[in-house]
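Undergrad: the following comprises the amino acid sequence and a computationally predicted model.
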Amino acid sequence: MNPKKAPWYFLLLLILAGESVFILPFVLSRVFRPIVLEAFDLDNFQLGICFSIYGIVALFSYLFGGPIADKFPPRKLIAVALWMTALGGFVYATFPDLIVLKVLYGYWGFTTIFLFWAPMIKATRVWGGSTSQGKAFGFLDGGRGLVGALFGTMGVLVFSFFLTSDSSHASIHESKLAFKQVILISSFLIILVGILVWFFMKLDPKTEQELELDKITFSQIRKVISLPSVWLLMIIILCAYVGYKITDVFSLYAQDVMKYDQVKSAQVGTFLLFIRPIIGVVIGILADRWQTTSLLFVSFIISFFGALLFALGLVTASTTFLFLLSILIVASGVYAARCLYFAVMEKGRIPLELTGTAVGLISLVGYTPDIFAGPVMGFLLDGSKGMVGHQHVFWMLTLFSLIGGVTAWWYDRLYKKHGS
């Protein structure tokens, strides 16, 4: 199947939607993790449990939401997902207790995945066609990184603006009032993105009809399950996603180890977000000139060596330059892997019309870090305070980067010569 090439603005709207939907559950807590812990009166393990509940709901949403993406137009599913997610933001802004927060994260696990995830991946494959998968997924993840960075920057500016006293002496009440404005403004912007997607992210009617299946049969599901690429991608994405989840702790590392204040710690989280679009553009340019499967293997190797710098305790309060350099190395490897792991679906002989079903099955295993990574990181950080706890977290990243690298090497061996 060779659907008509979608226009550039289709990808731009996909990028905008692709990160906006995750701003409330993930990006704000990544940039403002110390503030979130304080404002909601949580420890790292409790926040990890919220992420875990999100992951459990998301797990079923991946499985059952995948086939939905093969039956309905992506723009409608994506727009509704954005609006439902934004509604949760208004609950989040009330700073609910832990029980309500757990329910909210479960709700977000449904809204951000069931109607959203597989349609986004499928729409990206459609835009990339048979010759530009690396460009499509590189630009998607890089663009999403830029959107996240802009939201993060906006969040820091809004937080600083509404903070009535110096950040190092601000009370919990003052921090909560300022952070509430960040949440509300983000929620309204997500609603706006949903409106833009609904009205403008359209494919031509013939292409939409070609991509929609009347029903998903067991034989089609069996066909997808029988592909070696599907099983290898499960492991590759699992390992890469552990790395992505671990980037959440950089702002906390800045506070606990580097001794930065709240605003400077949030700025570290925002700096991290700005690395992502740069990596995405670089991968987008390189991937369709080189082998996407080989680049995926290299990305895990980079992540492995970056993680070692932190795990071995080389990054301390007296090594500011090494801290920023190490973040850059880890983020380069992690974000490159994110750009590439769905870009290799074409080489793995996964049919375009069954993309949603394949993504649902792959994600069922690949995104299980949503369940276990948060609590494990929280347990490691709370169990050993300060630098030692962070070292344990980065040993975890080192291990998963190694496993991911071996699996990516295997995928490269199997499919290197296939496709464009």
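TA: Here it is on my side, so go on.

Undergrad: contact partners of stretch 87-100?
TA: Residues outside stretch 87-100 that contact it (CB atoms under 8 Å, 6 or more residues apart in numbering) are 24, 39-40, 42, 46, 104, 107-108, 111, 176, 180, 183-184, 186-187, 190. Quick note: C-beta positions are derived from backbone N, CA and C, even for glycine.

Undergrad: output that stretch as CSV, nothing but the C-alphas.
TA: C-alpha atoms of stretch 87-100 as CSV (Å, rounded to 0.1, in the frame of the first residue of the first chain):
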residue,chain,number,x,y,z
LEU,A,87,-9.8,17.9,31.6
GLY,A,88,-7.6,16.0,34.0
GLY,A,89,-5.4,19.0,34.3
PHE,A,90,-8.2,21.0,36.1
VAL,A,91,-8.3,18.2,38.8
TYR,A,92,-4.5,18.2,39.0
ALA,A,93,-4.6,22.0,39.7
THR,A,94,-6.6,21.4,42.9
PHE,A,95,-3.6,19.5,44.4
PRO,A,96,-5.7,16.5,45.3
ASP,A,97,-4.6,13.9,48.0
LEU,A,98,-2.7,10.8,47.1
ILE,A,99,-5.8,8.6,46.5
VAL,A,100,-7.3,11.1,44.0
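
Undergrad: buried residues, that stretch. List them.
TA: Residues of stretch 87-100 classed as buried by neighbour count (16 or more other CB atoms under 10 Å): 88-89, 91-93, 95.

Undergrad: farthest-separated two in those?
TA: Gly88 and Phe95 (13.5 Å; CB to CB).

Undergrad: lowest average confidence, helix or strand, in this structure?
TA: Ranked by mean pLDDT, DSSP states H and E, the weakest helix or strand in the chain is helix 205-211, scoring a mean of 56.

Undergrad: what's Ile225 in contact with, if anything?
TA: Ile225 is in contact with Leu361, counting by CB under 8 Å, 6+ apart.

Undergrad: and it, how far from Glu346?
TA: Computed with CB to CB, to the nearest Å, the distance linking Ile225 and Glu346 is 19 Å.

Undergrad: before we move on, back to that, quick one: which of the contacts of stretch 87-100 is nearest Leu273?
TA: Ser186 (13.9 Å).

Undergrad: which secondary structure element contains that closest one?
TA: Ser186 belongs to helix 172-200 when assigned by DSSP states H and E.

Undergrad: so which bits of that helix are buried?
TA: Within helix 172-200, the residues scored as buried using 16+ other CB under 10 Å are 175-183, 185-187, 189-191, 193-194, 196-198.

Undergrad: pLDDT of stretch 338-345, averaged?
TA: Averaging pLDDT along stretch 338-345 gives 87.

Undergrad: contact partners of it?
TA: 121, 124-125, 128, 133-134, 136-138, 140-142, 229, 233, 236-237, 240, 244, 279-280, 283-284, 287, 292-293, 295-296, 299, 355, 358-359, 366, 411, 415.
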